[in-house]
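S.K.: Prediction below, plus the sequence it came from.
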Amino acid sequence: MKESLENELRLALQRHDPPEGFAERVLDKISRPKRAPRTFPGRWMIAAAAAALCIVVALGAYKAHHDRVRGEAARDQLMLAMQITGAKLRVVQEKVRHWNE
Amino acid sequence: MNKRRTCTLMLLCAFCLPAQRLDLSHLDRLDEKARERVNVNLNRDLLQVAGKLLSPSDPDQARVKALVGKLESVHVRAFEFDQAGAYTQNDVEVIRRKLRAPGWHRIVDVRSKEDGENVDIYLHLAGANVDGVAILAASPRELTVVNIVGPINLEDLAALGGQFGIPKLPQGQKAEPTSDRKKDED
């Protein structure tokens, strides 16, 4: 019983060579500069990104609305301009027709 | 000194405008006198935006859409006054003088003693193509100036006949530009 325990301990504690490149990897990790600790918590970054997204969407919607209002005003002005042009052309046509009759 | 600066600025502005574009800024002073006034100034960008919003299913709007696609700008100044004499003959003469510039041709000159309404229609020609239209209508209590800048097909304009209450022009009745500048000067 005692002997088997000793054997198990000997097996468990026997010296093993490290895997190939182990020393290099350790040295490489030690020489790498330490990453700066996070000063901005991740959830705040997500909230900021979400807020920025909301602002972009709101601005886009505002611009689309503004463009639409501007376009509708321009369309109404154009139709008014054409109505006035048409009315003046009609005056000419009616006078010419009147004189021809 | 200020007067000289203003004159220089006005001259610069006049040189910057295309030949078909009439400077109607001298009519600004009539704004206060008018009972009703219309001031439409649509540049190419606004015409494009407006054109996109014109409904192709509406025949009126569809024809206007086809017409404005190539235009550079549209300008309308219309005034309606409570009484005659609110504007002077000089106001009209300033515009007529501009329309005597090379390139402009008066194609219609209607004078009515009955109601005192005078209407002139001018075309600006670039070679054989019309690239500007001006309509000047003056009656004792109304003054209207329409200035359309850009390539415009007279048939497209005639196609507006029947639209907005305009009777359709008979087919083939195409206004021929007649240079009556001499007559105009008389």
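M.R.: Yep, it's here. Source: prediction; values computed, not measured.
S.K.: So is the lengthiest strand in chain B next to chain A?
M.R.: For chain B, the longest strand by residue count, based on DSSP state E, is strand B:129-139. Yes. Under the criterion of CB under 8 Å from any CB of the partner chain, chain A is reached by strand B:129-139 at B:135, B:137. C-betas here are computed from N, CA, C, even on glycine.
S.K.: Would you mind listing the outside residues contacting that strand?
M.R.: A:85, A:88-89, A:91, B:19-22, B:87, B:92, B:95-96, B:99, B:103-104, B:115-125, B:143-154, B:157 (CB atoms under 8 Å, 6 or more residues apart in numbering or on different chains).
S.K.: Show me what the helix or strand residue B:119 falls within is packed up against.
M.R.: Assessed by DSSP states H and E, residue B:119 sits inside strand B:118-126. With contacts taken as 3 or more CB pairs under 8 Å, 6 or more residues apart in numbering or on different chains; DSSP states H and E, strand B:118-126 sits against helix A:42-100, strand B:104-111, strand B:129-139.
S.K.: Go again with 10 Å.
M.R.: helix A:42-100, helix B:89-98, strand B:104-111, strand B:129-139, strand B:142-149, helix B:154-159 (3 or more CB pairs under 10 Å, 6 or more residues apart in numbering or on different chains; DSSP states H and E).
S.K.: Who does it pair with, and is each partner parallel or antiparallel?
M.R.: strand B:104-111 (antiparallel), strand B:129-139 (antiparallel) (DSSP bridges).
S.K.: List the buried residues of the shortest one.
M.R.: Right, the one you point to is strand B:104-111. Across strand B:104-111, burial judged by 16 or more other CB atoms under 10 Å in any protein chain shown covers B:104-110.
S.K.: related to what we said a few turns ago, buried by neighbour count: which residues of the strand holding residue B:119 qualify?
M.R.: Buried, per 16+ other CB under 10 Å, within strand B:118-126: B:118-125.
S.K.: One more: stretch A:8-26?
M.R.: Of the residues in stretch A:8-26, none is buried (16+ other CB under 10 Å).
S.K.: Quick check, central residue of chain A?
M.R.: Residue closest to the mean C-alpha point of chain A, counted by CA atoms, centre = their mean, is residue A:53 at 6.7 Å.
S.K.: nearest residue to residue B:74 other than its sequence neighbours?
M.R.: Computed as CB to CB, 6 or more residues apart in numbering or on different chains, the closest residue to residue B:74 that is not its neighbour in sequence is residue B:42, at 4.6 Å.
S.K.: Next up, the contacts around that neighbour.
M.R.: A:74-75, A:77-78, A:81, B:48-50, B:68, B:71-76, B:148-149 (CB atoms under 10 Å, 6 or more residues apart in numbering or on different chains).
S.K.: cool, and residue A:68?
M.R.: So residue A:68 contacts B:49, B:53 (CB under 10 Å, 6+ apart).
S.K.: The one 5 residues further on too?
M.R.: Taking CB under 10 Å, 6+ apart as the contact definition, residue A:73 lies against B:46, B:49-50, B:53.
S.K.: tell me, how many neighbours does residue B:151 end up with?
M.R.: 15 (other CB atoms under 10 Å in any protein chain shown).
S.K.: That one in helix, strand or coil?
M.R.: Assigned with DSSP: H, G, I helix; E, B strand; the rest coil, residue B:151 falls in the coil class.
S.K.: can you tell me which residues contact it?
M.R.: Contacts of residue B:151 (CB under 10 Å, 6+ apart): B:20, B:69-72, B:126, B:129-132.
S.K.: Determine which two of those residues are furthest apart.
M.R.: Largest separation among these by CB to CB: B:69 and B:126, giving 18.0 Å.
S.K.: which bits of chain A sit near chain B?
M.R.: Residues of chain A that fall close to chain B, judged by CB under 10 Å from any CB of the partner chain: A:67-68, A:70-99.
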